[in-house]
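Colleague: the sequence and its predicted three-dimensional model are supplied below.
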Amino acid sequence: MRLDGKMAIVTGAASGFGAGIARKFVAEGAQVMVVDLNHDGAMAMAEELGEGSFGHAANVADGAQVAEVVGTAKDVFGGVDILVNNAGVTHLPMPMEEVSEEDFDRVFAVNCKSIYLFARALVPHMKERGSGAILNVSSTAGLSPRPNLNWYNSSKGWVNTATKAMAVELAPRGVRVNAINPVAGETPLLASFMGEDTPEVRAKFLSTIPLGRFSTPEDMGNAAAFLCSDEASMITGVCMEVDGGRCI
Ligand code: NAD
C-alpha cells in the first residue's frame, strides 16, 4: 500500500498505459480520478477501480476543461497528491514534411500544452500544501527518435525538458516532477506508431528492444507507482526509461 490515502488525477486513464497506472495506483491504496476524452471509457474504468475513484470526461488540451478537472478533484478528494499527465496522441508515420498542420497542432496540444494547462491549474494547490508528485508520460521517442515519427518524437523531447524545468523550479516547494519514457507498448496506440500492424513490422520494432518484448500497461503502473510514492522522495527531474534496454 505504497500510495495509501493518496488522491491522484490520471489523464488518458480509460485505455492503455493510463489504465495500467490507474489500476496499480488503486492496488497500492490510492483513489483515482480517471480523466479521458472518452466519456464511456472513463466511467467504465472508474467503475472497475471501485469505491473512491471516479470518472470525468475532459479534453486535456482545453484550458477551461482542465481547470474544471482540477476544481472537481479538489472538491471531491479534498486535495490532490498526484498528477499523471499520460494522455497522448501521435500522427501516423510519414515523412516529416507530409504531416498536416492540423495533426502537428493536435500532437503538441495534447502531448505538451496539456502539461502547461495542468501546471497552471494545479501547481498553486501543490505549492500551498508544500507537497505533490507530478509524473509526465513521455517516450523513448524523445531520447532516441525513430524516422517518420518526427513531430511526435519532438513533442516527447519537449516533455523531457519540461519535466526537468518543472522539477528544478518546484523542488524548493516540496513538489517532485518526474517522467517515464516507455518503449513501444501493447496498447491501442501501437498500431498508429507502426503504421501497419503486421508480423514483419512487429519483428522490426522488437529487434530494437534488448529484453525482447513490448512494454505493457503493468510495466508503466509499476514504474509510476514507485516514482509517485514516498519511496521516491529523493527523486525528482528524472526521465526514467521503461524500455527493455532500447536506449542503451
Ligand atoms: P492509448 O491510445 O491506449 O490511450 C490514450 C488515452 O488518452 C485514450 O483513452 C484517449 O481517449 C485519451 N486521450 C487522447 N487524447 C485526449 C485528450 N485530448 N484529452 C483527454 N484524453 C485524451 O495510448 P497509450 O499507448 O496508452 O499512450 C499513453 C501515453 O503513453 C501517451 O502519452 C503516449 O504518447 C505514451 N507512449 C505510448 C507508447 C506505446 O507504444 N503505446 C510508447 C511510448 C509512449
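Modeller: Good, I have the coordinates.
Colleague: is the biggest helix by length in the chain in proximity to the ligand?
Modeller: Scanning the chain for the helix with the most residues, using DSSP state H, yields helix 150-170. No. On the criterion C-beta under 6 Å from any ligand atom, helix 150-170 is out of touch with the ligand, staying 6.8 Å away. C-beta here means a position set from N, CA and C on the backbone, and glycine is covered the same way.
Colleague: what helices or strands is that helix leaning on?
Modeller: helix 101-108, helix 114-129, strand 132-137, strand 175-182, strand 239-242 (3 or more C-beta pairs under 8 Å, 6 or more residues apart in numbering; DSSP states H and E).
Colleague: against which helices or strands is the first one packed?
Modeller: Spelled out, that is helix 101-108. helix 150-170.
Colleague: please report the number of neighbouring residues for residue 130.
Modeller: 9 (other C-beta atoms under 10 Å).
Colleague: my guess is it contacts residue 174. True?
Modeller: Yes. Between residue 130 and residue 174 there is a contact at 4.3 Å, judged by C-beta atoms under 8 Å.
Colleague: and the longest helix of the chain, how far out from the chain middle?
Modeller: 12 Å (C-alpha atoms, centre = their mean, to the nearest Å).
Colleague: contacting residues around it?
Modeller: Applying C-beta atoms under 8 Å, 6 or more residues apart in numbering, the external contacts of helix 150-170 come out as 90-91, 96, 99, 103-104, 107-108, 111-112, 115-116, 119, 123, 126-127, 132, 134, 136-139, 141-143, 145-146, 176-179, 181, 236-237, 239.
Colleague: returning to what we had before: out of the helices and strands packed on helix 150-170, which gets nearest to residue 79?
Modeller: helix 114-129 (6.4 Å; C-beta to C-beta).
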